[in-house]
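> Curious how this folds, go ahead:
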Amino acid sequence: MTPAALTTLDQHIREVNYFGDEVRRLFHGRGRFYPGLEQLTVDWLNGQILISLFKEPSVEFIKELTQCVDKWTQIPMWQEQVRSVLLHHRSRQGAPMDVLFGELTPTQVVIENGLKFSLDLGLKQNNGLFLDMRNGRKWVMENARDKNVLNLFAYTCGFSVAAIAGGAAQVVNLDMAKAALSKGRDNHRLNQHDTDKVKFLGHDLFKSWGKLRKSGPYDLVIIDPPTFQKGSFALTKDYKKILRRLPELLKSNAYVLACVNDPNLESQFLIDEMLEQAPEVTFVTRLNNPPEFVDNNIEGGLKSLLFSYGKI
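Next comes the predicted model:
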């Protein structure tokens, strides 16, 4: 990251003339369109501005960035709507958060596609909602009516919230992180959902097929795994284990939304794996990422691939 590149960031931010009521990315350096800013993002979190650094910056970079923030907070729109500006050091041990302006609100409720989600800021690397998956959650909300949905690697249950909002009959969430599932339960309550329709399973996926089958078969299965989770999941090695057994969880005419968010893996990786492990599950289309997540390599960002089982 180079201090001189902050001129580009400053210009980009000054062109934002409306924050809006919903959470969104204001600047996506990781799309590699802005030389010298590839490891920086800026997000609007309904009153708080979150700047994330994914690589350790120089002292000069931080100094110049702080000066930019000082100038931004003098903009009338910022004075009216921005409560705080936060700097998240994602590459540092413990992912510490600096407050550049205002005061940190550690629990922040944001709105996406009309739904509420609670974020935890200043506690860990990830705050509870991956913004590049907005279109995936919207697709689920629009296609979940009366469906039995399985949400694997559920994290804080964003897909589950979208599915219940879209009229799903039942959602089964599975994730090893019970704290994340607890946050997911809170997200459902934020939206006044009937949690009797939602199951939260804090289990290892590969030891829980019996439990999953008991609640199935499913009309829609969502698979959004981490690239690597120490001791439990390595994407290139373990994804195929899921796909191999996937058909036994599916109803006829089911959909599968399978995702990969490794910049080193292309969509074809997942298409080929599905063809080899579960050839009866066929590729339909790739969902577009939100426009603000534009990438100079279409395969460098999130890949959300839709598959079907049987005739749709």
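> Now do stretch 178-195, average pLDDT.
Mean per-residue pLDDT for stretch 178-195: 96.
> Need the residues that contact that stretch.
Counting by Cβ atoms under 8 Å, 6 or more residues apart in numbering, stretch 178-195 makes contact with 109, 115-118, 120, 128, 154-158, 160-161, 164-165, 173, 175, 198, 200-202, all of which sit outside it. Using the backbone N, CA and C atoms, a C-beta is placed for each residue, glycine as well.
> can you rerun that using 7 Å?
With Cβ atoms under 7 Å, 6 or more residues apart in numbering as the test, stretch 178-195 has contacts from 109, 115-118, 128, 154-157, 160-161, 164-165, 173, 175, 198, 200, 202.
> What of stretch 104-111?
Residues from elsewhere that reach stretch 104-111 (Cβ under 7 Å, 6+ apart): 21-23, 45-46, 48, 83-84, 86, 97, 116-122, 129, 190.
> Just the buried ones from these?
Neighbour-count burial (16 or more other Cβ atoms under 10 Å) applied to those gives 23, 45-46, 48, 84, 86, 97, 116-119, 121-122, 129.
> Now render these as CSV, adding secondary structure, distance to residue 247 and pLDDT.
As requested, the buried ones among the contacts of stretch 104-111 are exported to CSV (DSSP: H, G, I helix; E, B strand; the rest coil; distance: Cβ to Cβ, whole Å; pLDDT from 0 to 100):
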residue, secondary structure, distance to residue 247, pLDDT
23, coil, 36, 97
45, strand, 40, 97
46, coil, 41, 95
48, strand, 44, 97
84, strand, 49, 97
86, strand, 45, 97
97, strand, 44, 94
116, strand, 35, 98
117, strand, 32, 98
118, strand, 36, 97
119, strand, 36, 96
121, coil, 41, 94
122, coil, 43, 82
129, coil, 31, 95
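> Turn these into a markdown table, columns for distance to residue 271.
Compiled in a markdown table, the buried ones among the contacts of stretch 104-111 are given as follows (distance: Cβ to Cβ, whole Å):
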| residue | distance to residue 271 |
| --- | --- |
| 23 | 31 |
| 45 | 34 |
| 46 | 37 |
| 48 | 39 |
| 84 | 43 |
| 86 | 38 |
| 97 | 39 |
| 116 | 35 |
| 117 | 30 |
| 118 | 35 |
| 119 | 33 |
| 121 | 36 |
| 122 | 39 |
| 129 | 27 |
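> which one of those residues is nearest residue 291?
residue 23 (14.8 Å; Cβ to Cβ).
> By average pLDDT, which secondary structure element in this structure comes out worst?
Lowest on mean pLDDT, DSSP states H and E among the helices and strands of the chain sits strand 228-229, with a mean of 54.
> From the chain's centre, how far out is stretch 245-265? Work that out for me.
Offset of stretch 245-265 from its chain centre (Cα atoms, centre = their mean, to the nearest Å): 17 Å.
> Quick one: residues in contact with that stretch.
With Cβ under 7 Å, 6+ apart, stretch 245-265 has contacts from 136, 140, 150, 209, 212-213, 216-224, 227, 235, 269-270, 278, 280-281, 300, 302-312.
> With stretch 206-225 instead?
Taking Cβ under 7 Å, 6+ apart as the rule, stretch 206-225 contacts 140, 144, 147-153, 159, 172, 174, 199, 201, 203, 233, 235, 239, 241-242, 245-246, 248-251, 254-259.
> and the longest strand along the chain, average pLDDT?
In terms of residue count, the longest strand belonging to the chain (DSSP state E) is strand 250-260. Mean per-residue pLDDT for strand 250-260: 96.
> From residue 8, how far off is the residue nearest to the spatial centre of the chain?
Taking Cα atoms, centre = their mean, the centroid of the chain lies closest to residue 130, which sits 2.1 Å from it. Distance of residue 130 to residue 8, computed by Cβ to Cβ, to the nearest Å: 25 Å.
> so where do the helices sit in this protein?
6-14, 59-72, 76-81, 134-143, 158-165, 178-190, 209-215, 235-245, 267-277 (DSSP state H).
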